[in-house]
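[1] sharing a model that was predicted from the sequence below.
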Amino acid sequence: MTSQLNVDTIVDKAGSGGTNVKIANTSVTVAEGGSGTQNTVQGLAKGWLHYDQRTPTVRDSFNITSVEDTANGHYKATITNAMDNIYYTLAHSGSYDADITNSSRADIHFGFPETTTLYQNGSMNTGNSYIDDTYSLSVVHGDLA
């Protein structure tokens, strides 16, 4: 026999409105159409970074401890909570100019895991020169250790 709990709001015992909700790594999310499901925990981003390579400044991040500017167009980011293995996925994009729609050049962006807690990203212009992007963005997907 299964049970179902229907509530409007979950709050802590003190009634202050805040609470911690924990879900198991086997929890599923039902698709908008209702027919498909996927593992909720596996579908979440495990980290992300919004970085200005030119200054260099971390504008905002999640699960990233530090960023090291290693060379023109290159940086390494340290992940706070380790990934399960080095086969996680990185997505990286960026722009040299503040006005992306009027940028006169296309950049090539790359990223690759080095360890379970360190990845490297870089940016290169179409002339094959490494460049520091003003807006360097990356996201990490995979399983946490």
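    Noted; the coordinates are in hand.

[2] would you map the helices across the protein?
    Using DSSP state H, the chain contains no helices.

[3] low pLDDT regions in the protein?
    1, 97-107 (pLDDT under 70).

[4] residues in contact with the closest residue to Gly17 other than its chain neighbours?
    The shortest distance from Gly17 to any residue other than its chain neighbours is 5.3 Å, reached at Val11 (Cβ to Cβ, 6 or more residues apart in numbering). Every C-beta, even on glycine, is put in place using the N, C-alpha and C of the backbone. Going by Cβ atoms under 8 Å, 6 or more residues apart in numbering, Val11 touches Gly17, Gly18, Thr19.

[5] list the contacts of the second one.
    Taking Cβ under 8 Å, 6+ apart, we find Gly18 in contact with Val11, Asp12.

[6] same thing but at 7 Å, please
    Asp12 (Cβ atoms under 7 Å, 6 or more residues apart in numbering).

[7] measure it to Thr40 for me?
    21 Å (Cβ to Cβ, to the nearest Å).

[8] what do you get for Thr117?
    24 Å.

[9] over to His92?
    Applying Cβ to Cβ, the value for His92 to Thr40 is 25 Å.

[10] try Tyr51
    Taken as Cβ to Cβ, the span from Tyr51 to Thr40 is 28 Å.

[11] who's more crowded, the two?
    Neighbour totals were compared for Tyr51 and Thr40, and Tyr51 leads with 26 against 15 (other Cβ atoms under 10 Å).

[12] near Lys46, how many other residues are there?
    So Lys46, with other Cβ under 10 Å, has 22 neighbours.

[13] what about the strands in the chain?
    In the chain, the strands defined using DSSP state E lie at 28-30, 37-39, 47-52, 57-62, 64-71, 74-79, 89-95, 107-115, 118-125, 135-141.

[14] ok, Pro127 - how many residues close by?
    Rather than Pro, residue 127 is Gly. 7.

[15] list the contacts of stretch 64-79.
    So stretch 64-79 is contacted by 47, 49, 51, 53, 56, 58, 63, 80, 117-124, 130-132, 138, 140 (Cβ under 7 Å, 6+ apart).

[16] same deal with stretch 108-117?
    Against stretch 108-117 from outside (Cβ under 7 Å, 6+ apart): 78-79, 82-83, 85-86, 88, 90, 92-94, 119-124, 138, 145.
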